[in-house]
Each structure stands twice: as C-alpha cells, then as structure tokens.
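Undergrad: sequence-free structure coming up:
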Ligand SMILES: C[S@@+](CC[C@H](N)C(=O)[O-])C[C@H]1O[C@@H](n2cnc3c(N)ncnc32)[C@H](O)[C@@H]1O
C-alpha cells in the first residue's frame with residue numbers, strides 16, 4: 001500500500017500554485033450558463049487541518065499559503081483563491097486548508113457535476129466525511145489514472161479533469177503522457193490540468209518531452225522554481241502545472257498568477273510560463289514572445 005498523505009504537505013507553495021490556477025480555470029468555465037463537469041482523479045481528503053500533528057510535523061504551509069494569507073487584504077491575482085480559503089476559516093487564524101475537491105465544489109453551480117476519485121482507503125474515508133452533507137458529489141475509490149481514460153468525455157461535454165498524482169511510483173512520469181493521450185483522443189476538446197513536482201532528479205523533464213511528442217497541440221505550462229529548496233521539502237525545489245486546451249488568452253492570467261506567487265514566496269523563486277510546443281511567453285508582458 002502506498003503511504004503518501006497530502007496532509008503532510010497541505011498548503012505548501014505547490015498547492016498555492018495548483019489551487020490558484022484551478023480557481024482561474026473554473027471561473028472561466030462558470031462564466032457560461034452551460035453546465036460543466038469536474039473530475040479530480042487524485043482528490044485527497046478534501047479538507048486539511050493545519051493544526052494537526054501531520055501538517056505541523058513538516059509545516060510546509062508556513063512557507064506556502066501562510067505569507068499569502070497574511071497579505072490577503074491586498075488585491076492581487078490570488079484574491080479570489082484566498083477568499084475561498086477564507087470561506088473555510090473564521091477570523092484571522094488559518095486553521096483549515098481546502099484541497100482541490102473543496103475548491104472545485106466552492107466554484108461549481110448546482111447543475112454542474114463533481115466526480116472525486118481517491119484510491120487510498122484512509123484518504124477515501126476522510127474524503128467521504130468531508131462531503132457527507134453533499135450527496136450530489138460523486139466519490140469513488142478507484143484508480144485515478146484509469147478513470148482519466150474511462151470516464152471521459154463527461155455527459156456535459158464541458159469541463160475540467162484535474163490529475164494530481166503523488167508520483168510515489170516512478171513509472172507514473174512515463175505512464176502519464178500515454179494515459180493523457182488516450183483521454184485526449186476520447187475528448188479532444190476537454191480541459192485537463194496536470195500537476196508535477198520538480199525534484200533534484202528532474203524526472204519531470206522526460207514526461208514533458210513525451211508530451212511534446214504527442215499530437216496534443218495546446219499545452220500551456222506554469223513552473224515555479226525555488227532558488228534554495230526549503231529544508232522541509234524533501235528535494236522538491238519546484239512545481240509545475242500543465243493545462244491542456246486552456247481558455248483563449250489564458251497565458252496572461254497564468255503568467256500573472258505564476259509571477260505573483262514566485263515573487264512573494266519567503267525564499268527566492270522564479271516563475272516561468274511557456275507553451276510545450278515552444279511558443280514562449282515573455283514574463284514582463286505575459287504575451288506570446
Ligand atoms: C497530491 S495528493 C492530492 C491532493 C489534492 N488533489 C489536492 O489538491 O488537494 C495525491 C492523492 O492521490 C492519491 N492516490 C495515489 N495513487 C492514486 C491512484 N492510483 N488513484 C487515485 N488516487 C491515488 C493519494 O492517496 C493522495 O491522496
């Protein structure tokens with residue numbers, strides 16, 4: 001049985017990047033009256049108690065969400081994301097961090113549908129508990145990679161699939177491009193968002209190269225790299241998000257979010273936004289270079 005539990009990392013800088021981008025994508029989907037579907041293939045437990053022993057053990061949120069939370073009254077590209085985090089907390093103390101599943105639910109309308117997949121029995125049970133008052137949200141204990149292929153396209157034919165694995169099994173880097181391509185063939189208009197860690201071993205570069213060689217054309221990437229990895233990050237010195245079929249003009253929004261996070265972390269960091277098929281984004285203007 002795999003041992004990864006996101007509670008040890010909840011609210012770290014990678015979560016800030018991933019969830020701030022997720023908010024922006026879902027806001028675009030919710031602009032149109034047609035209903036949409038979100039599938040979260042690796043949903044985690046939905047809510048994370050930052051006062052728990054597990055979250056406090058490494059305390060990654062101290063160098064992730066916390067500085068942004070403390071500055072949340074200043075308008076910024078993270079304002080809407082921080083308002084969602086605030087909706088799960090009362091007062092100024094940041095106690096609860098909402099994961100992707102709760103953030104998605106927060107931005108969805110009653111007619112939209114949310115499908116959450118989580119394989120780990122303990123996380124699955126905690127996820128069910130987090131959504132016990134909302135029976136319309138579907139929660140399944142399955143393999144998220146298989147669901148990525150099997151469960152698209154959704155009936156709504158509009159929506160987003162978030163693929164946020166733990167990469168505990170090294171083969172996931174090689175398998176993901178193949179699985180994503182199968183899903184893309186079934187649903188070429190679908191939006192997919194894939195998160196990956198940037199580790200000292202740079203395992204993600206092979207994944208990006210494999211994706212570049214597929215026939216998936218529109219893949220926009222955001223990367224944040226720390227100059228000096230914080231001690232608690234176990235060698236994760238960066239974080240990346242790939243968006244397949246981003247909304248029109250999304251590179252400007254993505255660049256604003258990426259540069260803002262990179263520029264306001266407590267350690268020196270650099271943000272980069274680029275198209276996987278090599279169209280570069282100018283970080284000064286946010287426009288295609
Ligand atoms: C990075 S965490 C998810 C965090 C969550 N998406 C969020 O942003 O709040 C990855 C999750 O995937 C689960 N997991 C690992 N392998 C899986 C698989 N094959 N299928 C579904 N879930 C899996 C882990 O138990 C863990 O909860």
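TA: Right, received. Where do you want to start? These numbers come from a predicted model, not from an experiment. Residues are numbered from 1 along each chain as shown.

Undergrad: List the contacts of the residue of the stretch 1-150 of the chain found nearest the ligand.
TA: Going by C-beta to the nearest ligand atom, the ligand is nearest to residue 99 of the stretch 1-150 of the chain, at 2.5 Å. Quick note: C-beta positions are derived from backbone N, CA and C, even for glycine. Residue 99 is in contact with 6, 10, 15, 19, 43, 44, 45, 46, 47, 48, counting by C-beta atoms under 8 Å, 6 or more residues apart in numbering.

Undergrad: again, but for residue 15
TA: Residue 15 makes contact with 9, 64, 65, 97, 99 under the criterion C-beta under 8 Å, 6+ apart.

Undergrad: Rebuild those as JSON lines, extending it with distance to residue 106, secondary structure and pLDDT.
TA: Converted to JSON lines, the contacts of residue 15 look like this (distance: C-beta to C-beta, whole Å; DSSP: H, G, I helix; E, B strand; the rest coil; pLDDT from 0 to 100):
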{"residue": "9", "distance to residue 106": "21", "secondary structure": "coil", "pLDDT": "95"}
{"residue": "64", "distance to residue 106": "19", "secondary structure": "coil", "pLDDT": "96"}
{"residue": "65", "distance to residue 106": "16", "secondary structure": "helix", "pLDDT": "98"}
{"residue": "97", "distance to residue 106": "13", "secondary structure": "strand", "pLDDT": "98"}
{"residue": "99", "distance to residue 106": "11", "secondary structure": "coil", "pLDDT": "98"}
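
Undergrad: does residue 197 count as helix, strand or coil?
TA: Classification of residue 197 by DSSP: H, G, I helix; E, B strand; the rest coil places it in strand.

Undergrad: For it, list each beta-bridge partner.
TA: residue 239 (DSSP bridges).

Undergrad: Just the buried residues of stretch 266-279, please?
TA: For stretch 266-279, a neighbour-count test (16 or more other C-beta atoms under 10 Å) marks 269, 271, 272, 273, 274, 275, 276 as buried.

Undergrad: Reformat these as CSV; add secondary structure, distance to residue 220 and pLDDT.
TA: As requested, the buried residues of stretch 266-279 are exported to CSV (DSSP: H, G, I helix; E, B strand; the rest coil; distance: C-beta to C-beta, whole Å; pLDDT from 0 to 100):
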residue, secondary structure, distance to residue 220, pLDDT
269, strand, 19, 97
271, strand, 13, 98
272, strand, 12, 96
273, strand, 7, 97
274, strand, 8, 95
275, strand, 6, 95
276, coil, 8, 92
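
Undergrad: circling back to that earlier point, closest to residue 248 out of the contacts of residue 99?
TA: Nearest to residue 248 among the contacts of residue 99, counting by C-beta to C-beta, is residue 19 at 22.4 Å.

Undergrad: tell me which element the nearest residue to the closest one once chain neighbours are set aside falls in.
TA: Excluding the flanking residues, the one nearest residue 19 by C-beta to C-beta, 6 or more residues apart in numbering is residue 103, at 5.4 Å. Per DSSP states H and E, residue 103 falls inside helix 100-107.

Undergrad: need the next SSE after that helix, C-terminal direction.
TA: strand 113-117.

Undergrad: Show me what that next one pairs with in its sheet, parallel or antiparallel.
TA: Per DSSP bridges, strand 113-117 is paired in its sheet with strand 37-40 (parallel), strand 138-140 (parallel).

Undergrad: most packed of the ones you listed?
TA: strand 37-40 (a mean of 27; mean count of other C-beta atoms under 10 Å).

Undergrad: which residues touch that strand?
TA: For strand 37-40, contacts defined as C-beta under 8 Å, 6+ apart pick out 26, 100-101, 104, 108, 112-117, 147-148, 151-152, 154-156, 158-162, 164.
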